[in-house]
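Undergrad: how would this look folded up:
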Amino acid sequence: MHFEQIRPELTWRLRRETLYPDKPLAAMQMPADANGLHFGAFSNDLLVGIVSLFQSGTVYQFRKFAVALKYQGQGIGNGLLQYITNFCRQQQGTLLWCNARTSAIRFYEKSGFTVSGQPFEQNQITFVKMKKSLI
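TA: Numbers count the residues shown, from 1 in each chain. The predicted structure is shown next:
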């Protein structure tokens, strides 16, 4: 398993397959993609995990975090989350946060994230803001 920075368009297939299987591939591009950093997890040169990272000063938000369904439960998501956490620390980041699906709360809590605020719904999916101090 290895992790590296990738081009934004390489994230779109996994975004659709894992997060939005009922949407067309063309709908996976976010306007913010051009301003973000995108990272991939590779197993035997196959892209199996992705995440997009956006910076505002010393605060980083990650979005569209996904691991291919047949690779879930193998530590890939945890490894990718640790990779971007370390990256943000190396960049002098002070806070890392995301809008997590409520089904993923326990996953993020295991990595030191805490719930911040009340759940909210977007596109018929319930999310909650989660954050982690990097200092």
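Undergrad: Quick one: residues contacting the closest residue to residue 32 other than its chain neighbours.
TA: Excluding the flanking residues, the one nearest residue 32 by Cβ to Cβ, 6 or more residues apart in numbering is residue 54, at 6.1 Å. In this view, the C-beta of every residue, glycine as well, is placed from N, C-alpha and C. Contacts here follow Cβ atoms under 8 Å, 6 or more residues apart in numbering; on that basis residue 54 touches 32, 35, 36, 37, 60, 61, 62, 63.
Undergrad: Which is the succeeding secondary structure element to the helix or strand where residue 54 lies?
TA: Assessed by DSSP states H and E, residue 54 sits inside strand 46-56. For strand 46-56, the following helix or strand on the C-terminal side (DSSP H and E) is strand 59-67.
Undergrad: which secondary structure elements does that following strand contact?
TA: Here strand 59-67 touches strand 46-56, helix 76-90, strand 95-101, going by 3 or more Cβ pairs under 8 Å, 6 or more residues apart in numbering; DSSP states H and E.
Undergrad: May I see the ones you listed arranged in CSV, with mean pLDDT and distance to residue 28 as well?
TA: As requested, the helices and strands packed on strand 59-67 are exported to CSV (pLDDT from 0 to 100; distance: least, Cβ to Cβ, whole Å):
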stretch, mean pLDDT, distance to residue 28
strand 46-56, 97, 10
helix 76-90, 97, 18
strand 95-101, 97, 16
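Undergrad: could the ones you listed go into TSV alongside distance to residue 114?
TA: Converted to TSV, the helices and strands packed on strand 59-67 look like this (distance: least, Cβ to Cβ, whole Å):
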stretch	distance to residue 114
strand 46-56	19
helix 76-90	14
strand 95-101	10
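Undergrad: of all those, which lies closest to residue 110?
TA: When the helices and strands packed on strand 59-67 are compared by Cβ to Cβ, helix 76-90 sits nearest residue 110, at 7.7 Å.
Undergrad: The closest one versus strand 95-101: what angle between them?
TA: Angular relation of helix 76-90 and strand 95-101 on a 0 to 180 degree scale: 150 degrees, by axes from the mean of the first three to the mean of the last three Cα atoms, to 10 degrees.
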